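# sharing a model that was predicted from the sequence below.
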Amino acid sequence: MALNFTLSPALMPEDIVVVQATDSMWLAPAQPEEERYIRGAVEKRKREFRAGRNAAREALAKLGFKGNPVIRKDQRRRPLWPAGTVGSITHTDGLCIAVAALGERYQGVGIDAERSTALSEGLRAKICTVDELAWAGAQSRQTHIDWHKVLFCTKEAVFKLLNPVYCQEMAFRDINVSPVGPGSCSFSARVSASRFPKSIDIIGRYHITNEYIVCATWLIRQHTGAQAQSAHEV
């Protein structure tokens with residue numbers, strides 16, 4: 001468990017609830033109907049699953065959701081959030097985070113966490129566009145951070161945001177992340193129109209420490225007229 005990691009409170013807008021799983025959440029059982037998903041799983045997987053579901057329930061409770069909802073899986077093994085809510089769960093070695101928001105405000109949210117280790121040369125070419133490779137290489141030479149790994153984490157968060165909304169698969173290189181300065185802690189991305197009726201522009205934020213990279217993103221419902229102004233909230 002990530003004992004020395006504290007998530008930035010500015011990672012997402014204030015009306016999105018972010019919960020980092022506590023020690024007790026890793027150890028406590030999930031709901032009985034959820035436990036069936038991990039029958040026969042190795043102990044590490046059981047702990048991760050329980051931490052995710054327990055953190056998700058805490059996020060829903062802080063959002064004002066009553067009761068102890070069962071968070072099932074759909075046919076694609078994605079979490080099924082209660083009606084009227086959207087959410088996302090991520091876990092990596094020792095760290096688990098769940099986020100939840102009201103569906104009337106957000107179409108979706110996405111979060112991903114990765115260890116702050118270097119991405120292999122082979123994966124870099126599969127994940128990054130030519131422009132991204134050049135930018136990440138230059139940034140990585142100036143800092144102790146592997147920016148290829150940051151791009152990977154960013155694209156995972158974007159996928160987790162959009163896949164439940166549009167039920168559409170996408171490749172890493174369908175997601176183009178705009179260069180951002182290392183000090184900005186924010187990113188923007190465009191998803192290729194080849195997978196959707198039109199290109200989709202995404203914004204988000206990231207938090208990097210020596211141990212972890214966490215990237216988060218969100219999509220405000222168009223009818224609120226607030227998607228454009230959400231760029232100022234990051």
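Okay, I see it.
# show me the strands in this structure, by range?
17-20, 85-92, 95-102, 106-115, 175-177, 186-191, 200-208, 212-220 (DSSP state E).
# between those strands, which one is closest to residue 52.
Nearest to residue 52 among the strands of the chain is strand 85-92 (4.2 Å), distances taken as Cβ to Cβ. C-beta coordinates here come from the backbone N, C-alpha and C atoms, glycine included.
# residue contacts, the residue nearest the centre of the chain?
Of all residues in the chain, the one closest to the mean position by Cα atoms, centre = their mean is residue 111, 1.0 Å from it. Counting by Cβ atoms under 8 Å, 6 or more residues apart in numbering, residue 111 touches 12, 18, 88-90, 97-99, 157, 160, 214-217.
# quickly name whichever of those residues is closest to residue 60.
Nearest to residue 60 among the contacts of residue 111, counting by Cβ to Cβ, is residue 98 at 8.7 Å.
# residue contacts, the closest one?
By Cβ under 8 Å, 6+ apart, the residues touching residue 98 are 18-19, 21, 52, 55-56, 58-59, 87-90, 111.
# about what we covered before: pLDDT and distance to residue 146 for the contacts of residue 111 - can I get that in TSV?
Shown next, in TSV, are the contacts of residue 111 (pLDDT from 0 to 100; distance: Cβ to Cβ, whole Å):
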residue	pLDDT	distance to residue 146
12	95	24
18	97	24
88	97	23
89	97	24
90	97	19
97	97	21
98	97	26
99	97	25
157	97	17
160	95	21
214	96	15
215	96	14
216	96	19
217	96	20
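# from the residues you listed, which is closest to residue 75?
Out of the contacts of residue 111, the member with the shortest distance to residue 75 (by Cβ to Cβ) is residue 160, at 16.7 Å.
# circling back to that earlier point, show me which of the contacts of residue 98 are buried.
Among the contacts of residue 98, those buried by neighbour count (16 or more other Cβ atoms under 10 Å) are 18-19, 21, 52, 55-56, 58-59, 87-90, 111.
# low-confidence bits of the chain, can you list those?
Applying pLDDT under 70 to the chain flags residues 1-4, 179-183, 193, 197, 223-234.
# make JSON lines out of the strands of the chain and add distance to residue 36.
Listed next are the strands of the chain as JSON lines, based on distance: least, Cβ to Cβ, whole Å:
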{"stretch": "strand 17-20", "distance to residue 36": "23"}
{"stretch": "strand 85-92", "distance to residue 36": "18"}
{"stretch": "strand 95-102", "distance to residue 36": "20"}
{"stretch": "strand 106-115", "distance to residue 36": "25"}
{"stretch": "strand 175-177", "distance to residue 36": "34"}
{"stretch": "strand 186-191", "distance to residue 36": "34"}
{"stretch": "strand 200-208", "distance to residue 36": "33"}
{"stretch": "strand 212-220", "distance to residue 36": "30"}
